[in-house]
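Engineer: Here's a sequence, model it:
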Amino acid sequence: MDYTISPSIDGTFIILKVKGNITRLTMMQKILEAHALGKRLQIRRYLVDVTEAINTDKIIENYTFAYSDMQNTEGIDKFARVAALVSPDDHSHDFVETVSRNAGLDFSLFTELGLAKKFLMCKDIPNGAYVPVRDI
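Structural biologist: Numbers count the residues shown, from 1 in each chain. The predicted structure follows:
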């Protein structure tokens, strides 16, 4: 799996770009790396570009990711805002969004980069108040 992690040009969010098949185990290493960079730069917003990545995990693994991995792993900012950019025809990440939001994470899927960035820049929106349905 190919990936890159970098701050956005304006320094307001961290970009994690992933290519290939992904699972919760392969993503956790990358997420920890991204969150470490975010902590170092005092950034709590993340754009995860998985337009060229397919989630190959089963439902139970996605559930474990949201309710265990993201909640109990040291180095994870549980209060980070995350916008995941997905391909319009790829629904392999949909359940991850559902369980992540149900677990209290500020995580939403987008198919348009502009809307994902807008979500990341929103202020004063409590978790759960902004619910995009694949960019209505």
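Engineer: how about low-confidence regions in the chain?
Structural biologist: 123-136 (pLDDT under 70).
Engineer: Which strand runs longest in it?
Structural biologist: As assigned by DSSP state E, the longest strand anywhere in the chain is strand 45-55.
Engineer: residues in contact with the helix or strand that that one is followed by?
Structural biologist: Past strand 45-55, further along toward the C-terminus, the next helix or strand under DSSP states H and E is helix 59-64. For helix 59-64, contacts defined as C-beta atoms under 8 Å, 6 or more residues apart in numbering pick out Thr23, Arg24, Asn55, Phe95, Val96, Val99. Placement of C-beta: from N, CA and C, glycine included.
Engineer: Listing partners with orientation, what would you give for the longest strand of the chain?
Structural biologist: strand 14-22 (parallel), strand 81-85 (parallel) (DSSP bridges).
Engineer: which of the contacts of helix 59-64 has the most neighbours?
Structural biologist: The most crowded member of the contacts of helix 59-64 is Val96, carrying 26 neighbours; neighbours defined as other C-beta atoms under 10 Å.
Engineer: Could I get the contacting residues of that one?
Structural biologist: For Val96, the contact set (C-beta under 8 Å, 6+ apart) comprises Asn55, Asn62, Phe65, Ala66, Ala84, Phe107.
Engineer: OK, contacts around the fourth one?
Structural biologist: Contacts for Ala66 (C-beta under 8 Å, 6+ apart) come out as Val96, Val99, Ser100, Asn102, Ala103, Leu105.
Engineer: Isn't the third one up against Phe107?
Structural biologist: Right, the one you point to is Ser100. Yes: with contact defined as C-beta atoms under 8 Å, Ser100 reaches Phe107; the gap is 4.0 Å.
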